[in-house]
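Colleague: Please work out how this folds:
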Amino acid sequence: MCLSSPTLVCSCPTSSMASTTTAPVKDDLISNKLVTDFSSEDILVDKNSMPEDDPNGNTLHEAHNIRWGPQHAGAKLLASQYTNVLGILTADFASGIVHWGADTWGSVDMPFIGRNFLRPFREHHIDPTSITRHDFIETNGDNFAVIVPYLFYMAHKFTYFSDADIKRSYNFEVYMFLLAIFVSMTNQFHKWSHTYFGLPSYIVFLQRYHIILPRKHHRIHHVVPHDTYFCITTGWLNRPLEMIKFWPWLEAIVEKYTGAKPRSDDLAWAQKTEKVHDE
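Modeller: You can find the predicted model right below:
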């Protein structure tokens, strides 16, 4: 008993110690592996993505090595492209709204607006090529008058505002500048769409690839009753607006609340004939 007792007493602690020693070693190995894997992944994440505590990643890197956020070179380029296209689309949509409004509503007999603003639209539907006989000032003067005040204001901002203020509004100013350019050229693009002879080759190229209003595309608007394809800057929005029936929907709303019939005055002028009196 005395010999076996020490053996038992001695063996129990040994077994317990072995088991308690083996478990931590195994846990440490697993833990070390997880730490190693996590560290590798963490390094890759830190290297290739935005840190969570700095969403734009701009405070952890040198200024010349910015990888994220609005100061990134790629972001600046993409933002400028976005504002460029948006400026052109806004000009095209605005041309459609103005054209639709002048074609569809009002009368030449209205004080001031009728004779000075609506009359050219009525004439244009009866004699589409009349616009080709207008000089540059007559064709584009009104549109230039609209955009010149803001261009002066923009020049003032870029001359007297601080660099920080200019940077904050830079994308908006790019948008407004492109909008101003295409608004100012809308009537010229429209005039070229009715000019079938003598256009410079580069204008024909721009029309062919639908960068500006194409001649064939705009002829769709001149099919009686002139109730479609109103956008005349580039014409990019004409098909999408037709697909969603934008103009009929808008006309239905106006007619519902005003009682006015769309294009009634335009149709009346189109139906006029000369009266021949026999002597």
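Colleague: isn't Glu173 right next to Lys157, touching?
Modeller: Yes. Between Glu173 and Lys157 there is a contact under Cβ atoms under 8 Å: 7.3 Å. (Glycine included, C-beta is placed from N, CA and C.)
Colleague: Need the overlap of contacts for those two.
Modeller: In terms of Cβ atoms under 8 Å, 6 or more residues apart in numbering, Glu173 and Lys157 are both contacted by the residues Ile166.
Colleague: Just the buried positions in the helix or strand harbouring Asn143, please.
Modeller: Assigning secondary structure by DSSP states H and E places Asn143 in helix 136-160. For helix 136-160, burial by neighbour count (16 or more other Cβ atoms under 10 Å) applies to Thr139, Asn140, Asn143, Phe144, Ile147.
Colleague: just those residues now: which is nearest Arg133?
Modeller: Nearest to Arg133 among the buried residues of helix 136-160 is Thr139, at 9.8 Å by Cβ to Cβ.
Colleague: and for the helix holding Asn143, what are the contacting residues?
Modeller: Helix 136-160 is contacted from outside by 131, 165-166, 169, 173, 176-177, 180, 183-188, 191, using Cβ under 8 Å, 6+ apart.
Colleague: Narrow those residues to those in strands?
Modeller: Within these, no residue falls in strands by DSSP state E.
Colleague: Could you identify which of these has the most neighbours?
Modeller: Compared across the contacts of helix 136-160, Thr186 has the highest neighbour count, 25 neighbours, by other Cβ atoms under 10 Å.
Colleague: list the contacts for it?
Modeller: Taking Cβ under 8 Å, 6+ apart, one finds Ala91, Ser95, Asn143, Ile232, Thr233 in contact with Thr186.
Colleague: Just flag the most distant two among those residues.
Modeller: Pairwise distances across those (Cβ to Cβ) peak at 11.3 Å, for the pair Asn143 and Ile232.
Colleague: which residues sit against stretch 266-275?
Modeller: Around stretch 266-275, the neighbours that count as contacts under Cβ under 8 Å, 6+ apart are Asp103, Thr104, Val108, Phe121, Arg122, His125, Ile126, Val224, Pro225, His226.
Colleague: Output that stretch as PDB, nothing but the C-alphas.
Modeller: Extracted as PDB, the C-alpha positions of stretch 266-275 are listed here (Å, rounded to 0.1, in the frame of the first residue of the first chain):
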ATOM      1  CA  ASP A 266     -49.800  76.900 -83.900                       C
ATOM      2  CA  LEU A 267     -52.400  74.800 -85.800                       C
ATOM      3  CA  ALA A 268     -54.400  77.900 -86.700                       C
ATOM      4  CA  TRP A 269     -51.400  79.600 -88.300                       C
ATOM      5  CA  ALA A 270     -50.500  76.400 -90.200                       C
ATOM      6  CA  GLN A 271     -54.000  76.300 -91.700                       C
ATOM      7  CA  LYS A 272     -54.100  79.900 -92.900                       C
ATOM      8  CA  THR A 273     -54.400  80.400 -96.600                       C
ATOM      9  CA  GLU A 274     -54.400  83.600 -98.800                       C
ATOM     10  CA  LYS A 275     -57.700  84.900 -99.800                       C
END
